[in-house]
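**Student:** coords below, sequence missing:
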């Protein structure tokens with residue numbers, strides 16, 4: 001890591017940590033962020049990037065998605081291996097934070113960047129390297145999902 005890389009990280013660390021926290025929760029966010037930073041700075045394209053901030057956000061999103069897949073596989077294996085009597089499935093109680101965590105990482109990312117960071121759909125598309133139509137679709141699905149979860 002060069003001094004320039006450290007400066008870029010320090011400049012964006014706080015907002016990247018908030019973003020990671022929205023995607024994976026406060027317990028896992030620092031690990032997701034550190035792994036994403038290491039992948040970003042180690043990438044071959046890193047020295048030539050013109051928008052490193054957007055690249056860091058995409059790396060955090062990708063790492064959060066990878067983390068979610070790993071967690072899902074681990075929970076599925078644990079459920080398969082656990083004796084049936086040890087599985088306690090309490091009735092969920094929903095609040096907004098719980099509802100947000102039920103969205104996919106990409107939907108959480110789009111909702112967070114839209115509502116908390118107040119970015120336009122075009123800025124979100126650029127930052128996450130997805131099409132404008134994808135941003136609209138993820139926002140619409142997230143709103144619909146949240147409406148269903150919070151109205152129950």
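**Tutor:** Cool, the structure landed. Fair warning: this is a prediction, and the values are worked out from it, not measured in the lab. Numbers count the residues shown, from 1 in each chain.
**Student:** Residues in contact with stretch 118-136: which ones?
**Tutor:** Outside of stretch 118-136, the residues within contact range by C-beta atoms under 8 Å, 6 or more residues apart in numbering are 51, 53-54, 57-58, 61, 106, 109-110, 113-114, 139. C-beta: built from backbone N, CA, C; applies to glycine.
**Student:** let's see it at 7 Å
**Tutor:** Residues outside stretch 118-136 that contact it (C-beta atoms under 7 Å, 6 or more residues apart in numbering) are 54, 57-58, 61, 109-110, 113-114.
**Student:** What sits closest to the most centrally placed residue in the chain if chain neighbours are left out?
**Tutor:** Centre of the chain computed as the mean C-alpha position; nearest residue by C-alpha atoms, centre = their mean is residue 23, 3.2 Å away. Using C-beta to C-beta, 6 or more residues apart in numbering and skipping the chain neighbours, the partner closest in space to residue 23 is residue 64 (3.8 Å).
**Student:** Give the rounded mean pLDDT of the helix or strand hosting that neighbour.
**Tutor:** Under the assignment given by DSSP states H and E, the secondary-structure element containing residue 64 is helix 52-81. Averaging the model's pLDDT scores along helix 52-81 yields 78.
**Student:** Would you mind identifying the next helix or strand past that helix?
**Tutor:** From helix 52-81 onward toward the C-terminus, using DSSP H and E, the following helix or strand is helix 96-101.
**Student:** can you pull the buried residues of that next one?
**Tutor:** Buried positions in helix 96-101, judged by neighbour count with 16 or more other C-beta atoms under 10 Å: 99-100.
**Student:** residue contacts, residue 22?
**Tutor:** Applying C-beta under 7 Å, 6+ apart to residue 22 gives the contacts 108, 112.
**Student:** Check the closest residue to residue 61 other than its chain neighbours and give its pLDDT.
**Tutor:** The shortest distance from residue 61 to any non-neighbouring residue, by C-beta to C-beta, 6+ apart, is to residue 109 (5.1 Å). On the pLDDT scale, residue 109 is placed at 89.
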